[in-house]
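Undergrad: Provided below are the primary sequence and the corresponding predicted coordinates.
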Amino acid sequence: EDDEEDEWDARIRRTGCFPQHEALQDCYYEKKDWRRCRDEMAAFRECFRR
């Protein structure tokens, strides 16, 4: 049983931008097209700029 968080997710969580990352991933999962997730991508990018 592997209870450890994925290193990539842990790094993003430490930035404080995990909610935006999750929203972007959920959007892509639903729409299967990054171009249809521009708002989510912009929010994630803006979070990293802070």
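TA: Yep, that arrived. Computed from a predicted structure; not experimentally measured.

Undergrad: three-state assignment of residue 4?
TA: The three-state label given to residue 4 by DSSP: H, G, I helix; E, B strand; the rest coil is coil.

Undergrad: what is the neighbour count of it?
TA: Residue 4 has 7 neighbours, counted by other C-beta atoms under 10 Å. The way it works is simple: take the backbone N, C-alpha and C, and place the C-beta from them, glycine included.

Undergrad: kindly report the same for the one 10 residues further on.
TA: By the measure other C-beta under 10 Å, the count of residues near residue 14 is 9.

Undergrad: in contact with it, which residues?
TA: Listed by C-beta atoms under 8 Å, 6 or more residues apart in numbering, the contact set of residue 14 is empty.

Undergrad: how about residue 33, phi and psi?
TA: Torsion angles at residue 33 (phi, psi; degrees, to the nearest 10) stand at phi -160, psi 110.

Undergrad: tell me the spacing between it and residue 14.
TA: Remark: distance between residue 33 and residue 14 (C-beta to C-beta, to the nearest Å) = 29 Å.

Undergrad: and for residue 21?
TA: Relative to residue 14, residue 21 is positioned 12 Å away (C-beta to C-beta).

Undergrad: equivalent analysis for residue 34, please.
TA: From residue 34 to residue 14 the distance is 24 Å (C-beta to C-beta).

Undergrad: residue 38 too?
TA: Counting by C-beta to C-beta, the gap from residue 38 to residue 14 is 25 Å.

Undergrad: now do residue 36
TA: Counting by C-beta to C-beta - residue 36 and residue 14 are separated by 28 Å.

Undergrad: and for residue 31?
TA: In terms of C-beta to C-beta, residue 31 sits 28 Å off from residue 14.

Undergrad: how many neighbours does the spatially closest residue to residue 15 that is not a sequence neighbour have?
TA: Leaving aside its sequence neighbours, residue 15 sits nearest to residue 48 (C-beta to C-beta, 6 or more residues apart in numbering; 6.6 Å). Residues lying near residue 48 (other C-beta under 10 Å) number 12.
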